[in-house]
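Peer 1: I'd like to go over a predicted model; first the sequence, then the structure.
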Amino acid sequence: MNRVAITGLGVISPVGQDIETVYANLRDGVCGVGRITRFDPSETKISVAAEVKDFDPEAFGISRGDTRRMDLFTQYAMAAAQQAVDDSGIVGAVAPERLGVYVGSGIGGMNTFMAECKKLFDRGPSRISPLFIPMMIGNIAAGNIAIRYGCKGPSLPVVTACATSTNTIGEAFHAIRYGYADAILAGGSEATVNPLAIGGFANCKALTEATDPEAASLPFDRRRAGFVLGEGAAVVVLENYDHAVARGAHIYAEMCGYGNTCDAHHITAPDPDAEGGARAIRLAYEEAGSPEGLLYINAHGTGTPLNDSSETLAIKKALGEEKARAAMVSSTKSMTGHMLGAAGAFECVACALALARGTIFPTIHLEEPDPACDLDYVPGQARAAQAEAAISVSLGFGGHNAAIALRRCV
């Protein structure tokens with residue numbers, strides 16, 4: 001079996017659109033949540049979101065013509081992929097047939113869907129754009145990335161709601177580990193800060209109705225009352241470890257474990273026994289060789305009442321009480337909101353940076369801990385600490401659980 005390295009990172013997020021800005025803002029506890037500006041939310045009970053600010057697709061090589069042919073989620077994905085490719089130098093370093101793309105989206109082109117439905121209702125079906133389908137479908141970000149970089153190897157967009165991009169990265173890891181590719185661009189993208197998504201999530205009671213951006217995304221706090229909708233994209237370059245070393249690539253961390261399970265319990269609520277989440281974490285940790293030393297866990301940590309307590313239980317069941325309490329756990333969603341299908345990939349980036357730079361990112365706004373959430377959630381401020389391994393956890397609607405494990409490269 002092959003070892004797998006992370007050799008490139010790319011991000012478009014509410015806390016930055018390049019790795020250095022994102023690292024600094026996560027380290028400093030900068031909150032990316034603000035008042036909704038994309039539309040007038042006055043007809044809803046929701047007033048805050050974690051939007052990407054001042055995104056310029058042309059800065060990432062996306063022409064104005066291409067912008068008109070791409071939903072925003074694809075533009076975000078293309079921009080994140082460009083950063084990751086530039087960071088890694090992977091294009092041209094492997095044969096096209098050995099270079100893959102595993103980039104998914106939980107929802108896909110919802111903005112395009114809304115715009116074309118309006119045309120249908122206002123002007124009839126003859127006015128629907130011929131680009132409607134290829135702009136809206138959830139796999140099209142992966143398709144466009146593959147076209148841009150000539151990636152002719154395995155391609156597997158994944159749709160598992162909030163677990164989407166943890167699954168894409170995990171599946172890409174296994175594809176390289178077992179020899180099906182030499183390198184894969186893996187991640188996820190989402191762009192759903194719009195009335196349809198806000199209305200849908202609000203009406204199923206998933207979103208917080210808080211009006212103060214600094215008291216809205218509250219993972220593990222007793223005041224939590226729902227998640228804040230975020231958006232963006234993240235892409236990592238996974239590469240055969242020996243190949244990366246041979247070409248002198250910079251290695252952020254080693255990808256070394258993956259767990260993929262389902263609760264088979266409820267369409268939105270987590271299993272209160274947390275067995276599925278625990279098993280996903282355990283599978284990733286054990287495939288990584290149950291590494292010793294300080295462990296950092298980037299929790300799913302959405303700030304919903306049910307998720308945070310059940311995830312705490314899942315961590316304890318997976319690792320045992322002693323190891324769970326020795327780990328440092330945080331939710332970067334306290335800063336980014338919930339980026340849905342992009343969340344897992346962004347949080348993988350956070351884990352890689354935490355290992356590479358000896359920084360444990362905080363859970364900001366954690367001021368009133370919930371007794372049911374009693375682990376070390378790194379409240380308020382980052383810590384300078386060298387973790388030897390990291391686990392990123394994602395838990396999605398439909399009962400999808402995914403976890404990936406990384407090790408520090410020395």
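Peer 2: Perfect, thanks for sending it.
Peer 1: Looking at the protein, which helix is longest?
Peer 2: With secondary structure taken from DSSP state H, the chain has its longest helix at helix 72-88.
Peer 1: In a strand, E116, correct?
Peer 2: No - under DSSP: H, G, I helix; E, B strand; the rest coil, E116 sits outside any strand and is assigned helix.
Peer 1: Am I right that it is in contact with L131?
Peer 2: No - contact between E116 and L131 fails when scored by Cβ atoms under 8 Å: they sit 9.2 Å apart. Glycine gets a C-beta too; all of them are placed from N, C-alpha and C.
Peer 1: For those two, indicate the residue with more neighbours.
Peer 2: Between E116 and L131, E116 has the larger neighbour count (other Cβ atoms under 10 Å), namely 20 against 14.
Peer 1: neighbours of the closest residue to the more buried one other than its chain neighbours, just the number please.
Peer 2: Closest residue to E116 in three dimensions, ignoring its sequence neighbours and counting by Cβ to Cβ, 6 or more residues apart in numbering: F132, at 4.6 Å. The number of residues packed around F132, counting by other Cβ under 10 Å, is 17.
Peer 1: need the helices for this structure, in chain order.
Peer 2: Taking DSSP H to define them, one finds helices in the chain at 19-28, 64-68, 72-88, 110-123, 132-136, 140-149, 164-177, 195-203, 241-246, 275-287, 305-319, 321-326, 333-336, 343-357.
Peer 1: Which one, of those, ends up nearest to I6?
Peer 2: Closest approach to I6 among these is made by helix 343-357 (5.3 Å; Cβ to Cβ).
Peer 1: buried stuff in the closest one?
Peer 2: If you call a residue buried by 16 or more other Cβ atoms under 10 Å, then helix 343-357 has these buried ones: 343-356.
Peer 1: Tell me who's in contact with P362.
Peer 2: By Cβ atoms under 8 Å, 6 or more residues apart in numbering, P362 lies in contact with 29, 330, 334, 378-383.
Peer 1: buried stuff in stretch 105-114?
Peer 2: By 16+ other Cβ under 10 Å, the buried positions in stretch 105-114 come out as 105-113.
Peer 1: which pair in those spans the largest distance?
Peer 2: Farthest pair in the buried residues of stretch 105-114 (Cβ to Cβ) is G106 and T112. Separation: 15.3 Å.
Peer 1: wait, doesn't the residue nearest to E116 sit right on T112?
Peer 2: Yes - look at F132 against T112 with Cβ under 8 Å: they come within range, at 6.6 Å.
Peer 1: Give the burial count for I46, as a bare number.
Peer 2: Other residues within reach of I46, judged by other Cβ under 10 Å, total 22.
Peer 1: State the distance from it to S126.
Peer 2: Applying Cβ to Cβ, to the nearest Å, one obtains 35 Å for the distance of I46 from S126.
Peer 1: now do L9
Peer 2: If you measure L9 against S126 using Cβ to Cβ, the figure is 45 Å.
Peer 1: Comparing those two, which shows the higher neighbour count?
Peer 2: Neighbours per residue, other Cβ under 10 Å: of L9 and S126, the larger number sits with L9, 28 against 7.
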